[in-house]
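Undergrad: predicted model and sequence below, questions to follow.
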Amino acid sequence: MSFPHRVRTVYVKELIDILRDRRTLIAMIIVPIVLYPLLMVGSIQVMAIQKETVVQEQIFVGILEKPGQREALTLLVNEDVVPYRRLKEQDPDSAERERGLGESVEAPPFPNQEAIEAAVRNRSIHIGLIFHDEIKDDYHQSNEIDAFYDEQETRSVSAYVRLLNTINRANKEYNRSRLKRLNLPDTFNQPFVLNSVDLSSPPSILAHILPLILVLMTITGAIYPAIDLTAGERERGTLETLMVCPVPTIDLIFGKFLVVTTIAIMGAALNLGSVCATVYFGGFDALVAGPGGGVPYGQMALILVCLIPFAVLMSAIMLAVCSYARTFKEAQNYVTPVILAVLIPGGIAAMPTSRLDGIMQIVPVGNMVVLSRDLLIGAAVPVMDVLMVLLSTTLYAGAAVAVAAKVFGKESVVFTDAGSIKGLLTRRLIKPSVTPTLTMALLFVALLFPTWFFVQSALGGDGDNTAPAVLRGTGLWMPVFFVLLPLAVMLYWKVSPVGGFALRRPKPRFVLAALLLGLSLWVLAWELSALQRYLVETPAALIENNKALMEALQAMPVALALLYVAAVPGLCEEFLFRGFLLGGLASSAGKWTSIVMSGLIFGIFHFFLFKIPVTAGLGIVLAFLCWQSRSIWPGVLAHMIHNALGAMLVLNPDWLDVLGMSVEAEQAGNHLPIHILVVGGAIFVIGWFLAARRSPGAIAKSSFFPAPIPERAAGES
């Protein structure tokens, strides 16, 4: 039985069992179908009742017991009545929005200001007013009023706003009366008139509440099947029996994982469909659907597609967490912190000030909430931003799947009651190994991705010397994050640094191949960049960034520029991506899968999506060279040479003239002269052939790492 057939068998069996459970049907179907109509209809009715209640409520205004205070308040209220009626006759909607104190005012007297302030604080009155004198219509002076209110009390704030509306309308009426008595036109006290036009779209309740709800419901959909397929089976006593069946563990894991992901995606789709149906059939389009009063079905479909990698991420996390639980109840306790951890970035992203740029593009959960919100309000979301969200979420999902597979297949977790998170912290249970695992490599890279983004953002700052600061900071911190941290991880998990970083000595022909590839890779990079510029316009931000880096390099000594651009990145990036990451991928994947994945992740780490095709292509070539030589040193050499040539072309633009090119030609996307293409292409082909050629009589190796010494036959050298 093949791998797809075994996985399909496990998947269908587990999916049918899950869907037969009434708890799954209630959580996935009944809740979204019934919950959204009740919430939406009920919330709208409650809001309407509360609005009407607040409008009709009596306002309690505290005044002093001094003579003239009540008369001044009565006059102010009366002044409010006439303008309010006139405004209501001219524009009823405007009058409703600018409703003043009105005639329903209760004004208990107080002996002094302190008593009024105390009454406002204990909320026995809504607002306190002290009139400095009786109200007079004298244009030589103003009528001063002190107002005391509580910003933390809703009714007090409402009374204060209505007081402001009253004062504003009274000012207009008094000004009009004074100008008329002085025979002055109405424009006398208006030297400037500002005609404002509000271009904002109607507020979309859907855009503000739906993204976070979708994220939470996607997580909720994954919780029950993840618990049932792990802790539930253990509690029923069926997990051990299932694991000892003559079926590879990876097949069982993959089948169960697909079930959890399927349920999560189905839950998200049903929630999205229930919202659309409620809005459409309930007639709430204009109220909750935002601009145009229609449900954005196209954006809804795109949001559902974007939720797929997020569902994969959360399903893997839930499956890994629940694998440690011995009972259903214990698994629920483990899941609670995960939900709280998700709510934090989701709540931050739901704030109106959050934007889909910078770090928010790669923050898990938060990027999905902001993307969904922007799509629902009809904002113009750049395709590059959507791709960055999907790529970062996919990277996290891959790491989470690797962790879930590692945890679920761990014997100490599956077959013993002592298996728990504590086992991960007990180093005596860790067996020494030559290579990092897939879980270790992907999890570390996934955690490093947002961390390195933070570091790069912090290095840039807001000053004028951003590019030099980034170069210096990268040269300082890249060895720490790309070499020392993965080294610490390997030492903790008892992985040999020589094997983990592939620090073996290469054969001479691979050194020659690295030299040739390093000298010719820039030709391929130039041509790929030219093709990319022909198909897609270069982002302005990337142009400015490249210009700033070129100016920073030209201002540095040659040795320092080569250190920052060639030596440090060429060494550190090879340690991480072609040593640690490629080794981890090769421990569980085939040759070209590992090479391509490491190249793509290398491209994503450069953060500019426009640069990913070029950098990923460079990463694939270097990974191939490392795989063939079983060592990172040829890749280090080729990488350093490639970066050094690029730096020298910036430091000495005259070299481009000698080659018959120019910087302007590169920026314009022009192709290289034919003689450069022929010579550079020939050098690249020779280098690739040297790296790909097998030695006579050599045994083909499917693994990146050679077999451990103890497994070799006796007497074999």
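TA: Nice, I can see it. Numbers count the residues shown, from 1 in each chain.

Undergrad: phi and psi next, for residue 128.
TA: Backbone torsions of residue 128, given as degrees, to the nearest 10, read phi -110, psi 140.

Undergrad: what bridges to it?
TA: For residue 128, the beta-bridge partners are residue 62, residue 148 (DSSP bridges).

Undergrad: quick one: it and residue 145 touch, right?
TA: No. With contact defined as CB atoms under 8 Å, residue 128 does not reach residue 145; the gap is 10.5 Å. Backbone N, C-alpha and C define where each C-beta goes, glycine included.

Undergrad: of those two, which one has the most company?
TA: Legend: neighbour count by other CB atoms under 10 Å for residue 128 and residue 145, higher for residue 128 (25 against 16).

Undergrad: any idea how far the more buried one is from residue 107?
TA: Distance, residue 128 to residue 107, by CB to CB, to the nearest Å: 10 Å.

Undergrad: now the common contact residues for these two.
TA: Common neighbours of residue 128 and residue 107 are listed as 61-63 (criterion: CB atoms under 8 Å, 6 or more residues apart in numbering).

Undergrad: tabulate the residues you listed (a markdown table), appending pLDDT.
TA: Output for the shared contacts of residue 128 and residue 107, formatted as a markdown table (pLDDT from 0 to 100):
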| residue | pLDDT |
| --- | --- |
| 61 | 87 |
| 62 | 86 |
| 63 | 86 |
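
Undergrad: quick one: buried ones out of those?
TA: The neighbour count (16 or more other CB atoms under 10 Å) marks 61-63 as buried among the shared contacts of residue 128 and residue 107.

Undergrad: re earlier: what is the nearest of the shared contacts of residue 128 and residue 107 to residue 621?
TA: Taking CB to CB as the measure, residue 621 sits nearest to residue 61 out of those, at 78.3 Å.

Undergrad: just checking, the closest one touches residue 131?
TA: No. With contact defined as CB under 8 Å, residue 61 does not count as touching residue 131 (11.3 Å).

Undergrad: now do the shared contacts for those two.
TA: residue 73.

Undergrad: just the pLDDT for the residue most central in space within the chain.
TA: Nearest to the geometric centre of the chain sits residue 367, at 2.6 Å (CA atoms, centre = their mean). Here, the pLDDT recorded for residue 367 equals 84.

Undergrad: mind telling me what element it is part of?
TA: Assessed by DSSP states H and E, residue 367 sits inside helix 366-376.

Undergrad: now that helix - C-alpha only, PDB.
TA: Provided in PDB are the C-alpha atoms of helix 366-376 (Å, rounded to 0.1, in the frame of the first residue of the first chain):
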ATOM      1  CA  GLY A 366      -2.100  39.700  13.700                       C
ATOM      2  CA  ASN A 367      -1.200  39.800  10.000                       C
ATOM      3  CA  MET A 368      -4.300  37.700   9.200                       C
ATOM      4  CA  VAL A 369      -6.600  39.900  11.200                       C
ATOM      5  CA  VAL A 370      -5.300  43.200   9.600                       C
ATOM      6  CA  LEU A 371      -5.400  41.700   6.100                       C
ATOM      7  CA  SER A 372      -9.000  40.500   6.600                       C
ATOM      8  CA  ARG A 373     -10.100  43.900   7.900                       C
ATOM      9  CA  ASP A 374      -8.500  45.800   5.000                       C
ATOM     10  CA  LEU A 375     -10.000  43.500   2.500                       C
ATOM     11  CA  LEU A 376     -13.500  43.900   4.000                       C
END
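
Undergrad: and that helix, what does it pack against?
TA: Applying 3 or more CB pairs under 8 Å, 6 or more residues apart in numbering; DSSP states H and E, one finds that helix 366-376 contacts helix 205-227, helix 297-322, helix 328-349, helix 383-408.

Undergrad: as a markdown table, those helices with distance to residue 569 would be great.
TA: A markdown table is the format used below for the helices and strands packed on helix 366-376 (distance: least, CB to CB, whole Å):
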| stretch | distance to residue 569 |
| --- | --- |
| helix 205-227 | 36 |
| helix 297-322 | 29 |
| helix 328-349 | 30 |
| helix 383-408 | 20 |
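
Undergrad: deepest of these, which one?
TA: helix 205-227 (a mean of 24; mean count of other CB atoms under 10 Å).

Undergrad: now the angle from that one to helix 297-322?
TA: Calculated by axes from the mean of the first three to the mean of the last three CA atoms, to 10 degrees, helix 205-227 forms an angle of 30 degrees with helix 297-322.

Undergrad: quick one, helix 205-227 and helix 383-408 angle?
TA: Interaxial angle of helix 205-227 relative to helix 383-408 (the same axes, to 10 degrees): 20 degrees.

Undergrad: quick check: next helix or strand after helix 205-227?
TA: Where DSSP H and E defines the elements, the next helix or strand beyond helix 205-227 is helix 233-236.

Undergrad: who are the packing partners of that following helix?
TA: Of the remaining helices and strands, those touching helix 233-236 by 3+ CB pairs under 8 Å, 6+ apart are helix 239-243.

Undergrad: just how off-centre is the helix or strand immediately after the helix it packs on in the chain within its chain?
TA: Next along the chain after helix 239-243, taking DSSP H and E as the criterion, comes helix 249-282. Relative to its parent chain, helix 249-282 has a centroid offset of 21 Å by CA atoms, centre = their mean, to the nearest Å.

Undergrad: other SSEs contacting helix 249-282?
TA: If contacts are counted by 3+ CB pairs under 8 Å, 6+ apart, helix 249-282 sits against helix 3-20, helix 31-56, helix 205-227, helix 239-243, helix 297-322, helix 383-408.

Undergrad: on that earlier part again, any idea which of the buried ones among the shared contacts of residue 128 and residue 107 is closest to residue 215?
TA: Distance to residue 215 across those (CB to CB) is lowest for residue 61, with 45.3 Å.

Undergrad: appreciated, that's everything.
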